[in-house]
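> mind folding the following:
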Amino acid sequence: MNIIEDIRDALLHAAENRSPPPRTPMDLWTVLKDEWCELPPRYLQTLVESMPHRVAALLCACLIVIILIANLKNISTKHVQPVCVKLDGGNTCHSKDPDPYRYYGTKTSYRIAVKDNNEPDIPMEGCTPVAFYMLSRHATRYPDEEYIVDLIKLLPALKKNITDSFLAGKAKICKEDLEKIEKFELNMKKEDGKSISATGAVEAEDLGRRLKRKFSSILDDKYSPEKFLIEYTSKERTRDTAENFAKGLFGDDYKNIDFEGKVNDGILSFHKACKQLRKKCEDPSYDVSEIDSFQNAALMKNVVKSVSERIGVDVTSGDIKLLYTACAFGYALNNSDAWCSVFSKDDLKVLEYNDDIEDYYKDAYGNDVNSEQACPIAKYIFDLFKSGENSNDTKVVLHFSHASAMKKVYAMFGLFRDELPLTADAFCSQQNRKWRSSVVSPFNTNIELVLYHCGDEYKVATFHNEKPVKVNGCDNELCSFNKFSATYEPMSKACDISKICCTCCKE
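Residues are numbered from 1 along each chain as shown. Down below sits the predicted model:
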């Protein structure tokens, strides 16, 4: 029987790494044929062949298929769990983890996303800044109203059930984690929905202060409406972020700024205008099927099972979404990360990929319309730099928008593009992916483009979350304005949101 077990183990290993996973006995046979024994597929014909070793091999293969189908603990012909994660509901102790997993998609704290930013700045000797453009997402906010309402309903009952489960010896969390859950208070009400938090206010102010130091040659001036233009969307959270950013940038001088009448939804809410236009007609090229495929796949189902097993309480996929929200916002708001303890690191990695694949197809490279609709930002920057090239006055534009807009702008600039698309079956192979919303578009994410006059030419430097980056059309982080223009001037001239977002709209 050892031979059978050895062959079975080899087949298990091959099947677990198969994409797509085997779902029928014939699929299993194909794995065996391709990956191990390399036997001919027409095994019925081979059975009658006279050579003993072939007969033995075929009988062995048939036994393996029978064993595998029966042994559902080892492999399921319906759902095969990738070997790169372990979603088994095992014991965890989040409270004692010196390096807990903090990457929660677009709900990631800015301080986490930039903690490894240690690359040197671009050397700018002999260059003078002429124009400065910043686009920033709002800072840390509270969850949506509906999430707050649902959390108010779910968490108290779940807290009691987990305590009961722990006392009954069913839960696999440590005592310290249980104590954090028992002490947890939500500390938010429905009216707080989407408003900037105290941590967000500090976050935005700190960013203003740091950028002032980083770009002191152009930002280290007192506020004047002639030099500085501050605009935001019609949402209160972007205005609040702008005010706190200005406090860090200008110090007490920020009190002299009139923040009324600075809404510019035409530029900063381009994504919402496009969304409304896209409702007018079907776009057959727009494909988000990979999102549903991943959300309905074994990995997501296994996260639900894993958490249920760990806390000793049956939860639903909807509960998982709420618990993930409680975890991410609890940490971002500096309230309590108690609910993160119901997840293992592998659970959180799967949930992060779920966020990434949704963002990839709705906001980034998964569909061309995502990046194309961001052209109003490209046009604004190009026009700003073109005027800076022909003027002796420096100009600083500070814009504040939302995650959906930021991701589309990043895709337009070609940032964080993977060689292969993110797909539902690529979780393991995309562990080192470039597009991770946790670091691409956390709370307060920002991009800066600076036009410099360097001797007899103009150059553009680009920064993402305070780190130099190379945009499409440029060879490196510091790019000649002529080369920059070759890519973004045609894009600016062709920018027509109606044509881009409405495939059935008439000329």
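
> please make it C-alpha for all contacts and neighbour counts, starting now.
Fine.

> burial measure for Met406, as a count.
The number of residues packed near Met406 is 26, by other Cα atoms under 10 Å.

> what's it in contact with, if anything?
When contacts are counted by Cα atoms under 8 Å, 6 or more residues apart in numbering, Met406 touches Leu135, Ser136, Arg137, Ser441, Thr445, Asn446.

> name the element it belongs to?
Secondary structure assignment for Met406, by DSSP states H and E: helix 403-412.

> pull the most distant pair out of the contacts of Met406.
Across the contacts of Met406, the longest distance by Cα to Cα is 11.9 Å; it joins Leu135 and Ser441.

> so for these two, which sits in the more crowded spot?
Of the pair Leu135 and Ser441, Ser441 is the one with more neighbours under other Cα under 10 Å, namely 30 against 25.

> mind checking how far the residue lying closest to the more buried one once chain neighbours are set aside is from Ser404?
The spatially closest residue to Ser441, leaving aside those adjacent along the chain, is Thr106, at 5.6 Å (Cα to Cα, 6 or more residues apart in numbering). When distance is defined by Cα to Cα, to the nearest Å, Thr106 is 10 Å away from Ser404.

> can you check Cys274 too?
Summarising the geometry, the distance separating Cys274 from Ser404, computed by Cα to Cα, is 12 Å.

> over to Ala461?
24 Å.

> who has more neighbours out of those two?
Neighbours around Ala461 and Ser404, counted as other Cα under 10 Å, are more numerous at Ala461. The numbers are 24 against 20.

> neighbouring contacts of whatever helix or strand that one lives in?
Per DSSP H and E: Ala461 is located in strand 457-464. By Cα under 8 Å, 6+ apart, the surrounding residues in contact with strand 457-464 are 389, 445-453, 468-471, 477-482, 484.

> narrow these to those in helices?
Of those, the ones assigned to helices by DSSP state H are Glu389, Phe481, Asn482, Phe484.

> residues contacting the second one?
Residues in contact with Phe481, defined by Cα under 8 Å, 6+ apart, are Leu451, Glu457, Tyr458, Lys459, Val460.

> just give me the neighbour total for the fourth one.
Other residues lying near Lys459 total 23 when counted by other Cα under 10 Å.

> next, Ser308: secondary structure please.
helix (DSSP: H, G, I helix; E, B strand; the rest coil).

> which pLDDT value goes with the closest residue to Cys281 other than its chain neighbours?
For Cys281, ignoring the flanking residues on the chain, the nearest one in space by Cα to Cα, 6+ apart is Cys504 at 6.1 Å. pLDDT, Cys504: 83.

> which SS state does Cys504 fall under?
Classification of Cys504 using three-state DSSP returns coil.

> hang on, it packs against Pro284?
No. Cys504 is not in contact with Pro284 according to Cα atoms under 8 Å; the separation is 11.3 Å.

> the two: which has the busier surroundings?
For Cys504 against Pro284, the residue with the higher neighbour count under other Cα under 10 Å is Cys504, and the figures read 14 against 7.

> longest strand of the protein?
Longest strand of the chain, by residue count under DSSP state E: strand 127-137.

> so what's Thr503 up against?
With contacts defined as Cα under 8 Å, 6+ apart, Thr503 is in contact with Arg278, Cys281, Glu282, Asp283.

> surely the third one is within a strand?
No. When three-state DSSP is applied, Glu282 is found to be coil, with no strand at that position.

> grab the nearest non-local neighbour of it.
Nearest to Glu282 is Thr503, by Cα to Cα, 6+ apart, at 7.7 Å.

> what do you get for Glu203?
Ala139 (6.5 Å).

> got a list of what that neighbour touches?
Counting by Cα under 8 Å, 6+ apart, Ala139 has contacts Ile196, Gly200, Ala201, Glu203, Ala204, Arg237, Thr238, Thr241, Phe443, Asn444.
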